[in-house]
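**Q** Turn this into a model:
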Amino acid sequence: MVLSLICFGAIGLLVKFANLRQCRPGAVYAWAYAWCVAFSAGFVMCFRSGQFHVPTAVYVIAVSFGIMNAIGGIVFMAGVRFGKISTSWLIINLSAAIPAAGSVVLYHESVNTKKVAVLALAVAAVLLLWKDKQEDEMRRSEEERAPEEIA
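**A** The predicted structure follows:
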């Protein structure tokens, strides 16, 4: 879990680095997924004796997963150009509320006070980020008007 946390967190840093280098989001993600295929194939060959055979359901899930991941990544990287990476990355991590709600609705997972509190905090975080963004925009517009008023 710690390795997963580090690797997913590093994606945000790499997206910002690619953005600073003015890389195109589609190109970055196309190459990222090409390397993902190469790494995964190497992993299967080394640790699974090259056994690539899996049930058909896995292919359907993997294709769906890949499409959603690619769209989400490309759109995220394109959106980072219009805001702060810290805010954008936090919003991406708040998307965890979607599978949490889906688990309750689709898989009839039990709902307890702790889960409701976590989802409520996620909503509160999004609202606070929206308020912070509004305050930043107001500050910027005041700073832009200040030099005009002096002249």
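**Q** Could you report the distance from residue 82 to residue 101?
**A** 27 Å (Cβ to Cβ, to the nearest Å). In this view, the C-beta of every residue, glycine as well, is placed from N, C-alpha and C.
**Q** These two: who's more crowded?
**A** Neighbours of residue 82 and residue 101, each counted by other Cβ atoms under 10 Å, are more numerous for residue 101; the result is 15 against 7.
**Q** mind listing what that one touches?
**A** Listed by Cβ atoms under 8 Å, 6 or more residues apart in numbering, the contact partners of residue 101 are residue 119.
**Q** again, but for residue 144
**A** Going by Cβ under 8 Å, 6+ apart, the list of residues near residue 144 is empty.
**Q** okay, it: pLDDT?
**A** As predicted, residue 144 sits at a pLDDT of 81.
**Q** swap in residue 65?
**A** 91.
**Q** next one: the one 10 residues further on
**A** The predicted local distance difference test score for residue 75 is 87.
**Q** Contacts made by the strand or helix carrying it with the rest, please.
**A** In the assignment (DSSP states H and E), residue 75 maps to helix 56-80. Helix 56-80 is contacted by residues 15, 16, 18, 19, 25, 26, 28, 29, 32, 33, 88, 92 when judged by Cβ under 8 Å, 6+ apart.
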